[in-house]
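Asks: Requesting a structural model of the entry that follows:
(one chain, ligands or ions: 1)
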Amino acid sequence: MSNIEIDEKSGFCFGVVNAIKKAEEELAKGGTLYCLGDIVHNNLEVDRLEKLGLKTINHEEFAKLKNARVLLRAHGEPPSTYQTAKENNIEIIDASCPVVLRLQKKIHNKYNDEKNNNTQIVIYGKNGHAEVNGLLGQTDSSATVIEKKEDLDKLDFTKNICLFSQTTKPLDGFQEIIDIIQSRMQGDAKFEFFDTICRQVSNRIPNIKEFALKNDIIFFVAGEKSSNGKVLYAECKKYNPNSYFITTPSDINPEVVSKTASIGICGATSTPKWQMEEVEAKINEIRLGLN
Ligand code: SF4
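Replies: Predicted structure coming up:
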């Protein structure tokens, strides 16, 4: 019996499944379909869709485009993207994840409500990440992005603070930021926070811990640009030091593969199942070559 297991709970989240389905449906209609930014943080899946005709463009290329069809990926976009589309006769195929759209709306409403109260809108997230850019756009780029606790010095604790989180940040990191802000608030300044972390990612943490603990060796498959891939891999490594981050089967170091150890294969919310299956095939191939 094989002692290699693919984690059933790893793989695309529903936001990514929906974006890829929309891309495939649109590509089937023929004509050119552009995608603003990588549809997923996974080069191999991007290559697969590009072979079907998808053309990935960046924001500079998008600004010059006219009379075209453009898919917006699950991360969402700021209002300026929709404005450019309107001006340049671009048909938008909006695959923004509904969870991200709800968060954008929440931040937008808060920004409008608090405009005259000197409230600092704060986003716990990664500077420059596409989702964070979309969130910043809801505040005319006036929100402050906090990546780590050291960044909190940017805030004025004598003024109101309203905190949100990028959907893929870890719950414990968010809680730590909340605790520090709470302890530093001064005078009558108000502090409000909204837990806007997507459970499609955070629920994977308890599962990945269990999976990492029950296997001797873990191969974690994800693209290098995947934020939640980094979070989930860190979790694997914490509970199983024999965890290896790989992007393709060729990254596997044959020296760490043994015939008898149980091997677990898991991945990020941007890792397709077919990629984990390819890793399984490669491990079997390496094992066949072992004495
Ligand atoms: S991780 Fe959550 S918010 Fe992000 S695309 Fe997936 S389902 Fe949507």
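
Asks: Quick one: residues contacting residue 134.
Replies: Going by Cβ atoms under 8 Å, 6 or more residues apart in numbering, residue 134 touches 75-78, 96, 100, 104. For the C-beta atoms, the positions are set from N, CA and C on the backbone; glycine is no exception.

Asks: and which of those residues is nearest residue 202?
Replies: For residue 202, the nearest member of the contacts of residue 134 is residue 100. The distance, counting by Cβ to Cβ, is 15.0 Å.

Asks: Is that closest one in contact with residue 76, as I believe?
Replies: Yes. Using Cβ atoms under 8 Å, residue 100 is in contact with residue 76, at 4.1 Å.

Asks: that older thread, go back to the contacts of residue 134 and keep what's next to the ligand.
Replies: Counting by Cβ under 6 Å from any ligand atom, residue 100 from the contacts of residue 134 sit close to the ligand.

Asks: Distance check, the closest residue in space to residue 139 that isn't next to it in sequence against residue 141.
Replies: Nearest non-adjacent residue to residue 139, counting by Cβ to Cβ, 6 or more residues apart in numbering: residue 111, 4.4 Å away. When distance is defined by Cβ to Cβ, to the nearest Å, residue 111 is 11 Å away from residue 141.

Asks: The two: which is more packed in?
Replies: residue 111 (17 against 10; other Cβ atoms under 10 Å).

Asks: returning to what we had before: which other residues reach the helix or strand where the residue nearest to residue 139 lies?
Replies: Element membership for residue 111 (DSSP states H and E) is helix 98-114. The contact list for helix 98-114 (Cβ under 8 Å, 6+ apart) reads 15, 74-76, 119, 121, 123, 131, 134-135, 138-140, 142-143, 160, 162, 164, 167, 194, 196, 198, 200.

Asks: Tell me the first helix or strand C-terminal of it.
Replies: According to DSSP H and E, the helix or strand after helix 98-114 is strand 120-124.

Asks: List the contacts of the residue in the stretch 101-250 of the chain positioned nearest to the ligand.
Replies: The minimum distance from the stretch 101-250 of the chain to the ligand, using Cβ to the nearest ligand atom, falls at residue 198 (3.1 Å). Residues near residue 198 by Cβ under 8 Å, 6+ apart: 13, 15, 99, 167-168.

Asks: Of these, which is the most crowded?
Replies: residue 167 (27 neighbours).

Asks: if we can go back for a sec, the helix holding residue 111 vs strand 120-124, what angle?
Replies: 160 degrees (axes from the mean of the first three to the mean of the last three Cα atoms, to 10 degrees).

Asks: Kindly export helix 98-114 (C-alpha atoms) in CSV.
Replies: The C-alpha trace of helix 98-114 is given here as CSV (Å, rounded to 0.1, in the frame of the first residue of the first chain):
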residue,chain,number,x,y,z
PRO,A,98,-17.6,38.0,-3.3
VAL,A,99,-15.7,37.9,0.0
VAL,A,100,-13.3,40.6,-1.2
LEU,A,101,-16.1,42.7,-2.7
ARG,A,102,-17.9,42.7,0.6
LEU,A,103,-14.8,43.8,2.4
GLN,A,104,-14.2,46.6,-0.2
LYS,A,105,-17.7,47.8,0.4
LYS,A,106,-17.3,47.8,4.2
ILE,A,107,-14.1,49.8,4.0
HIS,A,108,-15.6,52.2,1.5
ASN,A,109,-18.7,52.8,3.7
LYS,A,110,-16.5,53.3,6.8
TYR,A,111,-14.3,55.7,5.0
ASN,A,112,-17.2,57.8,3.9
ASP,A,113,-18.9,57.7,7.4
GLU,A,114,-15.7,58.6,9.2
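
Asks: all strands of the stretch 51-200 of the chain, in order?
Replies: Using DSSP state E, counting those that start in this stretch, the strands assigned to the stretch 51-200 of the chain run over residues 54-57, 69-72, 91-94, 120-124, 144-146, 161-165, 191-193.

Asks: Many thanks, we can stop here.
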